[in-house]
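**Student:** this one's sequence-less:
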């Protein structure tokens, strides 16, 4: 092959690769992070200790041949910030997955518990929770929304509404 043919072939591979990569793919799972429930400031003894923020997820779907069922495996990713100096290293919180459409046996909300370890000298960490399982109906595989957020008490929600998305920067070393 001549050099000109190689360059031409490389050009067409690049062009076709670019157009191929810009296609809109259908993905599974389709996780929707509910912003109103993605942020939590833990307050203990009237002091803000930690801020937990659901920032994303890793996940994939697969077909389980043993039970003839599609499954979504989701690993939520959290950003956890220490707001005050302290020796606490465990941050306990809960998050949920919820499905609201599809056949009745697929609809529901499930709570998952998490414990993140944050070193006493760390101000911020990124924590990936253990994976959770959600069953996905075959007919909705690429259009099945799975809502995800933090489980927030009424008191925490009230506090969140006053301080929503504030970037705390007053940590004293």
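**Tutor:** Noted; the coordinates are in hand. What you see is a predicted model; the values in this text were computed from it and never measured.
**Student:** What's the local residue count around residue 96?
**Tutor:** 17 (other Cβ atoms under 10 Å). For the C-beta atoms, the positions are set from N, CA and C on the backbone; glycine is no exception.
**Student:** residues contacting the residue nearest to it when sequence neighbours are not counted?
**Tutor:** Of all residues not flanking residue 96 in the chain, residue 111 sits nearest, at 5.1 Å (Cβ to Cβ, 6 or more residues apart in numbering). Residues in contact with residue 111, defined by Cβ atoms under 8 Å, 6 or more residues apart in numbering, are 94, 95, 96, 151.
**Student:** want to throw those into CSV with pLDDT?
**Tutor:** CSV is the format used below for the contacts of residue 111 (pLDDT from 0 to 100):
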residue, pLDDT
94, 96
95, 97
96, 97
151, 95
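**Student:** If you rank the residues you listed by neighbours, which is first?
**Tutor:** residue 95 (23 neighbours).
**Student:** phi, psi of it?
**Tutor:** phi -130, psi 170 (degrees, to the nearest 10).
**Student:** That one is in contact with residue 116, isn't it?
**Tutor:** No - checked against Cβ atoms under 8 Å, the pair residue 95 and residue 116 is beyond contact range at 11.4 Å.
**Student:** any residues in contact with both of the two?
**Tutor:** residue 129.
**Student:** Contacts only, for the closest residue to residue 37 other than its chain neighbours.
**Tutor:** Distances taken as Cβ to Cβ, 6+ apart place residue 149 nearest to residue 37, at 2.9 Å, with adjacent residues excluded. Contacts for residue 149 were tallied using Cβ under 8 Å, 6+ apart; they are 33, 34, 36, 37, 38, 54, 95, 96.
**Student:** The last one sits in which helix or strand?
**Tutor:** Looking back up the chat, that one is residue 96. strand 90-99 (DSSP states H and E).
**Student:** if we can go back for a sec, quick check: the residue nearest to residue 96 is in a strand.
**Tutor:** Yes - in this structure, residue 111 lies within a strand as judged by DSSP: H, G, I helix; E, B strand; the rest coil.
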